[in-house]
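Participant: Predicted coordinates and the sequence they were generated for:
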Amino acid sequence: MKFINKIQVANLKGRGGAEFPTAFKWLSVAKGHLKEFNQPCYVVCNGAEGEPGMFKDGYILQNYPEKVIEGIKIAMDTVGAEKGYIYLRQDYLKKFKNHLKKYIGKLPIELTAEKIGYLGGEETTLLETIQGDRPEPRLKPPYPTDFGLFGCPTLINNVETFYQISQIQHNEYKNTRFFCISGDAPKKGVYEFPVDMSIGEILKRTKNVPRFNYFVQVGGGAAGEILTKEELNKPLTGAGGIIVYNLKKTDTKELIKKWVNFFFDYNCGKCVPCREGLYRLREMLQKKEIDMVLLRSVLRTMRDTSFCPLGKSVYLPIDSMLESVKVNYKNKRDIK
């Protein structure tokens, strides 16, 4: 418990997108394990990183594998886990398998690959995949901290979180995080800055402020929020991605179609709002004239009633695009 207090003092939050307080999650798993002392406990490192435009986990696995493994071991020792898993998207497993095994050594940590793409990064779908069951999200509660892998208390954190756990152990954590910059940015790459640095300042410090008129998508390349260059005076949250778009060269209607097609391809079909909502959105976006009232109604319904985060995520990029950036649909008068 002493190390969990150290995490709490560091104010570390999850780096996978949800930004859940790390210390609280660890404490929940530790307590769940103590309560069910006759059950095993597990630790899972989520390296699915399926959000388009995100590659910071790959950068960390390439450059700091030993710190990631150390962070997982610290977690296992802290919560009393008997086994750990590193769950990677398939190209990461192929690229880093031997690299990671070198540092895993004889530790009870197993490498495993996601098999369904984007949705595989959702924590309960991840658990179902490792178990060999149908890859669909679970109903929550119960949460994985109480009823996770094989029905046992399970700690799930992102690759970057475990990297920073290692930093906290050695008193090296400086309240920073990694950011991905891509798209029409002149200096694409992964950068490390203070967690509270504004989006605009990150672009300035990395010399990625475009000379052309632009907008950005922050968080990720499908579920991320759209912001204009006048809206960048706030910290970057979520998964930590910044995608720069040249406003003049970007067909915003095609970009919206791209997002919808992406979500359509990766939805599991389990719930009606997501399955039917995405089908109707694709159908509407094929027409020359779009009923914006209906479009927004479908988006709100998906946000409010979808079973898992995939369906709920469709709302933000499209709504923020319509609010922030001019989209030349035929019936512009309907865009509020």
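Facilitator: On my side now, so go ahead.
Participant: can you confirm C180 is in a strand?
Facilitator: Yes: C180 forms part of a strand when assessed by DSSP: H, G, I helix; E, B strand; the rest coil.
Participant: Could I get the contacting residues of it?
Facilitator: G53, M54, F55, K56, G189, V190, G240, G241, I242 (CB atoms under 8 Å, 6 or more residues apart in numbering). In short, each C-beta sits where N, CA and C put it, glycine included.
Participant: nearest residue to it other than its sequence neighbours?
Facilitator: Nearest residue to C180 in three dimensions, chain neighbours excluded: G241, at 4.6 Å (CB to CB, 6 or more residues apart in numbering).
Participant: again with K229
Facilitator: Y214 (5.9 Å).
Participant: got the contact list for that neighbour?
Facilitator: Counted by CB under 8 Å, 6+ apart, Y214 has contacts D184, K229, V244, Y245, N246, L247.
Participant: Please tell me how far the third one sits from L322.
Facilitator: Distance, V244 to L322, by CB to CB, to the nearest Å: 20 Å.
Participant: And for the fifth one?
Facilitator: Plainly put, N246 is 19 Å away from L322 if you go by CB to CB.
Participant: Over to the second one?
Facilitator: Using CB to CB, we find K229 at a distance of 17 Å from L322.
Participant: Need the pLDDT of the residue nearest to L247 when sequence neighbours are not counted.
Facilitator: Using CB to CB, 6+ apart and skipping residues adjacent in sequence, the residue nearest L247 is N213, 4.5 Å away. For N213, the pLDDT comes out at 94.
Participant: Which residues does the helix or strand hosting K102 contact?
Facilitator: Following DSSP states H and E, one finds K102 within helix 90-104. Contact partners of helix 90-104, identified using CB under 8 Å, 6+ apart, comprise 47, 49, 57-58, 61-62, 65-66, 68-69, 86, 88, 111-115.
Participant: If we use 10 Å, what do you get?
Facilitator: 45, 47-49, 55, 57-58, 61-62, 65-70, 72-73, 84, 86-89, 109-115, 117, 120, 159 (CB atoms under 10 Å, 6 or more residues apart in numbering).
Participant: of those residues, buried ones?
Facilitator: Among those, those buried by neighbour count (16 or more other CB atoms under 10 Å) are 45, 47-49, 55, 57-58, 61, 65, 67-70, 72-73, 84, 86-89, 109, 111, 113-114, 120, 159.
Participant: which residues of this structure fall in strands?
Facilitator: Here the chain has its strands, by DSSP state E, at 42-47, 83-88, 109-113, 154-158, 176-183, 189-194, 214-218, 225-228, 241-246.
Participant: returning to that earlier point: give me the more crowded residue out of K229 and L322.
Facilitator: L322 (20 against 16; other CB atoms under 10 Å).
Participant: surely the more buried one meets I226?
Facilitator: Yes: using CB atoms under 10 Å, L322 makes contact with I226 at a distance of 8.7 Å.
Participant: got any residues that touch both of those two?
Facilitator: Contacts common to L322 and I226, judged by CB under 10 Å, 6+ apart, are T252, I256.
Participant: Can you list the buried residues in the lowest-mean-pLDDT helix or strand in the chain?
Facilitator: Ranked by mean pLDDT, DSSP states H and E, the weakest helix or strand in the chain is helix 22-35, scoring a mean of 86. For helix 22-35, burial by neighbour count (16+ other CB under 10 Å) applies to T22, A23, K25, W26, L27, S28, V29, A30, G32, H33.
Participant: any idea how far the residue nearest to L227 when sequence neighbours are not counted lies from E51?
Facilitator: Closest residue in space to L227, ignoring its immediate chain neighbours: V216 at 5.4 Å, by CB to CB, 6+ apart. For V216, the distance to E51 (CB to CB) stands at 15 Å.
Participant: When the two are compared, which one has more neighbours?
Facilitator: V216 (28 against 24).
Participant: how far away is P317 from N11?
Facilitator: 28 Å.
Participant: Give me the more crowded residue out of these two.
Facilitator: Neighbour count, other CB under 10 Å: between P317 and N11, P317 has more, with 25 against 12.
Participant: ok, back up a step: report the buried members of the contacts of C180.
Facilitator: G53, M54, F55, K56, V190, G240, G241, I242.
Participant: show me the contacts for the last one.
Facilitator: Shown here is I242, whose contacts under the criterion CB under 10 Å, 6+ apart are 53, 179-183, 185, 188, 191, 199, 202-203, 206, 208, 216-220, 224, 227, 232, 236.
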